[in-house]
Each structure stands twice: as C-alpha cells, then as structure tokens.
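In: need a structure here:
(chains A, B and C)
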Amino acid sequence: MNTQWMKTDVLIVGGGTAGTMAAIKAKQANPQGDVLILEKANIRRSGAIAMGMDGVNTAVIPGNSTPEQYVREITISNDGILNQKAVYQTGKLGFEVIQELESWGVKFQKDAQGEYDLKQVHRVGKYVLPMPEGKDLKQILTRQVKRHKARVTNRVMATRVLVKDGRAIGAVGFDVRNGDFVVIQAKAVVLCTGASGRLGLPASGYLYGTYENPTNAGDGYSMAYHAGAELTNIECFQINPLIKDYNGPACAYVASPFGAYTANAEGNRFISCDYWSGQMMLEVWKELNSGKGPVQLKMTHLDEDTIAEIETILWANERPSRGRFHEGRGENYRTHGVEMNISEIGLCSGHSASGVWVNEKAETTMPGLYAAGDMASVPHNYMIGAFVFGRLAGTNAVDYIADLEHIEPDAEFLEAEKTRIYAPMTRPNGVPHTQIEYKLRRLVNDYLQPPKVDNKMKIGLRNFERYQETLDLMGARDPHELMRCMEVHFIRDCAEMAARASLYRKESRWGLYHYRVEYPEKNNEEWFCHVNLKKDSSGEMFLFKRPVEPYIVDVDIETEVYDVAVR
Amino acid sequence: MSNDIDSELNQWLEMLQSSDLSDRLVAVKSLQYLGDEDALEPLIAALGDESLAVQKLAVTALWELANPKAVPALLECLASPDLEIRAEALSALGELISPDRLLLLLDALHRDDLNMQLNVLILLRKIHDVQSLPYVLPFFESENAQLREAAVTTLRYLNQVERCDRAIPLLSDPDDSVRRATVLTLGHLVDSEVVPRLCQVLTSDLDWQVRRNAAKSLELHADPAAVVALELAIADEHWQVRKFALQAWQKTPDNRTMPILIQALTDEYSDVRREAAKSLAALKNPAALNALQQSLDDPDRDVCIYTQRAIETIQAATKEISNA
Amino acid sequence: MALITQRVDVPVIVDESKCLEKCTACIEVCPLDVLAKNPETGKAYMKYDECWFCLPCEKECPTNAITVQIPFLLR
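Out: Got it, this is the predicted structure:
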C-alpha cells in the first residue's frame, strides 16, 4: 500500500456548505496561502446541500429583523443554553453571506420590488427566505472554490486529526478508491464534516435512509474528541418530524407560507408554529401518543395551482425524490395528507445544539483546530450559520498560522493509526460492516431514543463500550468497504458520547430532545449550564459542567419560555 | 500539475470534435466538470451541435462556467425548438444576465418568435429597468394570451412605474391567467381607477383566483374605500377569497363589519376562523367578547391561540378606556 | 467466519444500451461512491447497496441511462 504525503497551510476536512466557504475565505484572506479541501465524496455533490436547498432558515435581513432579535429568539428556543456571542455572529454576518452568495449567482426569492421575500415560520420574526431555484448551490460553490484556486482532493477520508505540542498539525486518512494511506501536514485544520446523521436506525431499517446525507456519520465529532477538543450539549439530540418511511423533510416551512400546516388525523392544528424545535417534537410525540395521530402535513384544502407550485419547489430541491416516493404509493398532496413520523436520533448543531465546542471565532478548545457547520456547536445554525462559521474559521485560521511552521507528525502515531485503519482489510471474511452498523444503530434506538430512561441508557452505555470489541470483528474487502468500516467507528464514539451526556444532565430540557422520565422538569438551579465532554489524560471520556457565558442580549429565561402549543 | 490539466482539457476538446455522438456527449460532460475557462469558445460552438443532447449539455456547461461572454449565444437558445434547452438556457441567463445587457434583450424582444419573446419578457424582470416599459406595453394587445400575461407580470417588476392606465383594460381579458396577473400588478399601481376597479373585480369576477388576488392587491392599497367590497368578499363562496379579504380588511378596520366577522368565527376553514379572530382583535370592540369566548374551544390550536389573544387585546383596550 | 451472498433489490438501475463506456459522470458525482464500471462491459452499475436516493447520478447522466428508485424498504 502506498503512502501519499501532502502539505498545506490550511487543511479543510469536508467540502460541504461550511468547508467550501472556509476555503474561499481563507484564500481571500491570503491568496498566496495554500488551502486544501479534503472530501470523501466529490465536492460537486457532497454534504447536506448536495442537491441544493429550498430556503434559508435563519436570514437576518436589515429592515426585517436585527441580530439582537435573532439572538433572543434562539436563546428562548434553545432554553437559554448557548454562547450568545457565537449565535450573534450568525445574525450579524448572515446578511453579508447572502449578499456574497448572490454575487456568485445564487438566487434568493425576491418580490416584484426586488426586495427579499421573507416568510414568517418562527414564533416571532421573519427569518425564512425561500430559494426556489436553489438546486445548483453546490455547483456555484464549487465554481468559486475553483476560481479562488483552493485545492481539492476528492475521495479521501480523514480518520484522525494529527496533534503535537498541544496543537493540530494535520490529519491522516486514506483514499477510499485506491486505498492509499494519506498524511497531510497543515498549520491549521478546519473540521466541517457535517452532522452525526447515521446514529439512530431509521424505522425503515435501511441504513442509508437517513435525514442527513448518510456520508455524514459523525466523523468530525469523533475526530475532534480524539484530538482532545471539547464537545458540548451532546444530550440535545436532533430529532425531526419527517415524512414517514421516506425519512426526509416534508418542508412545512416551505409549504406553510402557501397555507399548508401540520395537523393531527382530524385535520386540526395542534401546534402553532412549524419551526423545528425540541418543544415542537414533544408536542408531536404527545399527539401521537394521545390517539389523535398520525400527524400529517395537510395540503388537501389547497387549490390545484398552489399545490402545483409547492410541488415544483419541493420536488426540485434538497430531496428531489420526494415526488417519486409519493407517486410510488399512489399518494398525492391533493387527496392525501403527508404522514409524518418522529425520526431516529442524530447529533447536529445545525438543527439543535450538539457539537464540537466553538467560540465566536470558530475556534475549538484545541489550538489550531477549527470547526464549522452542522458539527460545530452553535444552536439552530442551519445553512447560513454553516456559511458564517465556515467564513470565520477560514479567516481566523489564516490569522492564526501567520508565524507558524509545519511540525513533523509523530511516526509512532502514524504507524498505529495505519494499523487501526487497515485492520478490517486483514479480515476480508470478517463480519460485514452492514451487520455491525445495523446492530449498533439498533441499540441506539433501543436505549437512547427519548423519552430517556435511566436504566435503559445505562444498559445502552454498557453495550456501546463493549462494542469496541465487536468492531474488531469487522472485515473489509476493498477501500470502499473500509470507508464504511471506519464510519462505524465514528458512529460508536458518537453513541457513547450521546449516552454519557444524556445520563449526566439530570433534568429535562429542549422538549423531546432531552426528555428524561426520572427528571421530567427543567431545573435551572442546577443545570443552567453546558454539559461538555472531552478525552482526559488517561484516555477516558470526562464530563463536566461549563457555565453559560454572560449574555450580550438580555433575556429572562425564567419568564420567557418557548411554547408552541399553549394559548 | 498544470500540464496534467492542459492535457486533460485538450483531450476533451479534441473529443468534442469527434464524429461519434457518444464521444461528443462524454466530452461536453467532462468539460462541464473540468470547469476550465479555456473551454468557453468550444462550448459556445457546441451550442450549434447537430445533437440536441450535446446542445443541452453545452448550455449547462456554459452556465457552470458563468462567463458573461456566453450571454449572447445563450440568448439564441431561448428560441430553440427544444423545450428542455429553452428552459435550461432561461435558468442560465436568469443567473448571468446583468443590467448592461438591456439593449441586447430589448433587441431580442423584436424577434418574431413566441418563445424568444416570452423568455425575454421573463428575463426583463431580473433587471427592473423602467426603460423597457415602451417595449413591454405593445404586448398587452398581443393576440397570444401567454404574451399578455408575461407582459403584465413584467410590468410589476419595473419598479419606477407608478401609473400605467394601459394595464387596466386587461382586467376584462377573456383569459383567466391574464386577469389573475393583471390584478396582482395593479396592487403596485396608483392610477385613480385602480382601487374601484379592484373592488369591482373582487365582487364580480367569475374566477375565484382573480378575486383572491384582488383581495391581496387591496391589502397593499389599504384604502378605506374598499371596505364595502371587502365585506362582500368575506362571505365569498371560496375560502381563500374569504381569508385574504379578511387580511385586507385588517388594514382598515371598520366597526360596521363586526356581525360579518362574528359569523366568520364559525367558518368551515380554520384559516378563515383565525383571520376572523385577528380581525376582531383589530376592532377592539367588547361587543365581540361573547362570540370570542365560544371560539376558545375551537378544535384548531391556532384558532384558540388567536382567539385568546383577541380577548386579551379587547380587555386591555377596554380597561385603558375605563381608566382614562 | 462463514459468509453468504444475498440477493438484494437495488435502487439504481442502469440501462446498458444507453450507458456510454467512456463516461464516468454518474460515478464521479455519487456522494456515497456506490457506482462502478463493470470491467467486462464498460457499463456502470450499482456495486454497493448504499443509496440516499439523492438523484445526481440520474440528473448528470448525459444519455438518461439511469433510473433511481426509492429503496425497496422505504418504497
């Protein structure tokens, strides 16, 4: 097997929303610097927006809302646990991002007067900006990466961040097509690997029938952990109301400005706001358990032209196979509600709050290591937040490396990592990764899916710990299978983090995301704090409370409680 | 490394000249992925390939290159006999067109080709330039309904235009979609006959979507003179007309409408009931409290929430008055 | 370890009569890298059943040779 050595100034792991933006901004900050995007797929069609996006969820446009209002709304919807300074960045820089994307050819919906056509989907404030022609987002970003002369290496998967002298000095991984061992030296590393989207098992039983792009297996959560960085709010799971079986979004936020709404089986609304939140998920869970289910996205009351318009948007963007799914079942928005279900769990700060700890500069707690996008803990950050933090990571990484030299990685570490990566190839007749992954994720469903029960989570944790040995049974026959095997390692790490963090926070918070049967109430006295975790010096997972940073926008979280169902 | 790219580019450029159609398809697709600016001219030439499939891929490839030099050639594709090529070229131009191309567009508008004219009318909306008005107006009298609809819609996007009496006769157009578009455009015009004519359409047009759009436009005008027509529309046979009429009414609340609003609280459609509750909140008249109390157990949660808010608003307003 | 080969209904269907041997468009865009060329025929096929039914392979195929079905378990 060959070893490829590469050297760059700023290494960006993952070429999706945040990664492409980080690369562009790093090149803008220093056109002479070398920037390399490492992507395990192909950046033309990778990441959460591989097939485009039908709208922006968190657009703070002057004249419509302010960064302060946005921070307030996110503070309340995330039950007060956040670093406001980081969230403020999304509110402050989001508009510049939208303008820059527009100058690159991305089209946002505008009214006849040429003003941004914002829609209200949140409880208060208009933050949703449709982009009915958003299907080519990724090609546009790819073009800009090319024009800015950032380098791209496709089809190489990172497995570990290289650390020496207390800072990140590169990454190691392998080529998923030819199997080469790849070592990249860098002065700074930006992790943008997306959500941990393959954590729970979808009800369909299909491993890749996930909401998130299934390539997003929690790579960055695990790599940041092993590098020694802190992770936070892991117990604040991502759980979404999705089209049953299809497991993709029905996009109520796209359809609701047209008059569609989430309803119970009787066709009546039971929540007043279609914006995804743990509180909303709890109401969905209650409604499903009250015998008034199934829950549906209702459009049958709308007229032909309106429905046709909704279809055009929904079937061209984000998840274009939705139309095919409905058609295969002989269902139609004109005659059928879209049956919705509660998804399996995942970790994703883009939607909820779990991720690698970052401050308002996209810095993790490990010098030289940055994180952005769904894996970086900035609550409810969505696509615009990914762009904003990609931008911050790219720019700040360039500042950081100004006086730095490359450091030679530790030969012993490289040898050990090489052995770890290629172990499944030494067992071509080992248990296939599909079976190992299926069982692991089924255990996640059995023991971690909320409502969270103390004893169940303890059994789950024991299973995840023991699963280290199970991973050693896994066999691979080619580099592609090896990629999936290494992803299962990431998934196991995320499962253990999810169990430990959920057990640690002894209260309920964020609606269904962290609903604990033994501690059903929110307890601000003891738990108004982050729960962070990291790898301690002995290699054990260590959990601790981290105080919430002082607010920069005043919110009284005792009286201002997020509510989507009460009068 | 740059040598590698050059040789790769040359290989595809050569293949693009092949007599074998499959080779040309592979070549144009590969050039799209490569995204090399040096392929611009050959790709423009490929727009004239004998194969429609190659032509369409060339449009896509040029779109991805996003070089404004390709605009005139892409504009020609708007008259292609192939629907997919026209649609792809329109999308590409929607992204690439800039205000300095106005004359090129206006010139194309004179071409005697329905598809070209339709697509150029759509592209003019991206530019928002009042200079195009004299070129758009003649299409109001076109024999083709699609062109009339496209032209009156484009008028809405020409921001500086405040008055345009030549649009008003289109309210009597025989084609539903022309009238629907016209009514929306009139929401942005201030000619003196606009509001009376919108009121007339709101209560008499046979197409409910025209009536609904008239309500939307009247909401923009927020003219108290429309109240009577809006009252009638709150009892329209189509629920969307009722809903949007209520929203328009909320811009100019009038106590005389209260009985109609109370009736709307029991509408079959929850959206209408919710708008009725919001309307009563806007009125702040305590005489509505009894009716609102009964709506508190509406099966729809949203209606309950807005009813509760209406009650609170009215009670607060009443208290203020009694304290004053 | 004893292993067997199982039959599986796969989502990505390639019409071999349309697939071009020199073309790798679908293979290059698949986020999960599940498509490959059959070395004997030069035609693309779904080598691994790991599909997100996201459709770039179908959209990018220059000859419309690819049809993506919703995976059977979800269909």
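In: tally of neighbours for residue 74?
Out: All of this refers to chain A. Residue A:74: 26 surrounding residues under other CB atoms under 10 Å in any protein chain shown. The way it works is simple: take the backbone N, C-alpha and C, and place the C-beta from them, glycine included.
In: my bad, the chain I had in mind was chain C
Out: Count around residue C:74 with other CB under 10 Å applied: 24.
In: and what of residue B:294?
Out: Neighbour count for residue B:294, taken as other CB under 10 Å: 12.
In: got it, and the one 4 residues further on?
Out: By other CB under 10 Å, 21 other residues sit near residue B:298.
In: and it, helix, strand or coil?
Out: coil (DSSP: H, G, I helix; E, B strand; the rest coil).
In: residue contacts, it?
Out: By CB atoms under 8 Å, 6 or more residues apart in numbering or on different chains, the contact set of residue B:298 is B:270, B:273, B:304, B:307.
In: measure the residue positioned nearest the centre of chain C to residue B:34 for me?
Out: Nearest residue to the geometric centre of chain C (CA atoms, centre = their mean): residue C:46, 3.2 Å. Distance, residue C:46 to residue B:34, by CB to CB, to the nearest Å: 26 Å.
In: which other residues reach the helix or strand containing residue A:457?
Out: Using DSSP states H and E, residue A:457 sits in helix A:454-471. Identification of contacts with helix A:454-471 by CB under 8 Å, 6+ apart yields A:436, A:439-440, A:443-444, A:446-448, A:488-489, A:492, A:495-496, A:499-500, A:502-503, A:516-518.
In: list the contacts of the most centrally placed residue in chain B.
Out: In chain B, the centroid-proximal residue (CA atoms, centre = their mean) is residue B:153; its distance is 7.7 Å. With contact taken as CB under 8 Å, 6+ apart, residue B:153 is in contact with B:121, B:125, B:181, B:184, B:185.
In: pull the number of nearby residues for the residue lying closest to the last one once chain neighbours are set aside.
Out: By the measure of CB to CB, 6 or more residues apart in numbering or on different chains, the closest residue to residue B:185 outside its immediate chain neighbours is residue B:156, 4.2 Å from it. Counted with other CB under 10 Å, the neighbours of residue B:156 add up to 21.
In: for the chain, which helix or strand comes out least confident on mean pLDDT?
Out: In the absence of a named chain, chain A is used. Lowest by mean pLDDT, DSSP states H and E among the helices and strands of chain A is helix A:252-255, with a mean of 79.
In: wait, chain C
Out: That would be, for chain C by mean pLDDT, DSSP H and E, helix C:56-60 at a mean of 93.
In: which strand or helix spans the one residue in the stretch 1-150 of chain B that gets nearest to chain A?
Out: Going by CB to the nearest CB, chain A is nearest to residue B:95 of the stretch 1-150 of chain B, at 4.4 Å. Element membership for residue B:95 (DSSP H and E) is helix B:83-96.
In: ok, and the closest non-adjacent residue to the residue of the stretch 101-250 of chain B found nearest chain C?
Out: Nearest to chain C in the stretch 101-250 of chain B, going by CB to the nearest CB, is residue B:119, at a distance of 22.4 Å. Spatial nearest neighbour of residue B:119, excluding adjacent residues (CB to CB, 6+ apart): residue B:78 at 4.1 Å.
In: distance check, that neighbour against residue B:55.
Out: Counting by CB to CB - residue B:78 and residue B:55 are separated by 13 Å.
In: returning to what we had before: buried residues in the helix holding residue B:95, which are they?
Out: B:85, B:86, B:87, B:88, B:89, B:90, B:91, B:92, B:93, B:94, B:95, B:96 (16 or more other CB atoms under 10 Å in any protein chain shown).
In: how about low-confidence regions in the chain?
Out: You didn't pick a chain, so chain A it is. When residues are selected by pLDDT under 70, those of chain A lie in A:565-567.
In: switch to chain C, that's the one I care about
Out: Checking chain C against pLDDT under 70 turns up C:1.
In: all strands for chain C, in order.
Out: Ranges of strands in chain C, per DSSP state E, are C:12-14, C:35-37, C:44-46, C:66-68.
In: which one of those strands lies nearest to chain A?
Out: Of these, nearest to chain A by CB to the nearest CB is strand C:66-68, at 6.7 Å.
In: where do the helices sit along chain C?
Out: Remark: helices assigned in chain C by DSSP state H are C:25-29, C:56-60.
In: check the stretch 51-200 of chain A too.
Out: With DSSP state H, counting those that start in this stretch as the criterion, the stretch 51-200 of chain A has helices at A:67-77, A:84-103, A:137-147.
In: got those helices as JSON lines, with distance to chain C columns?
Out: Converted to JSON lines, the helices of the stretch 51-200 of chain A look like this (distance: least, CB to the nearest CB, whole Å):
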{"stretch": "helix A:67-77", "distance to chain C": "29"}
{"stretch": "helix A:84-103", "distance to chain C": "21"}
{"stretch": "helix A:137-147", "distance to chain C": "9"}
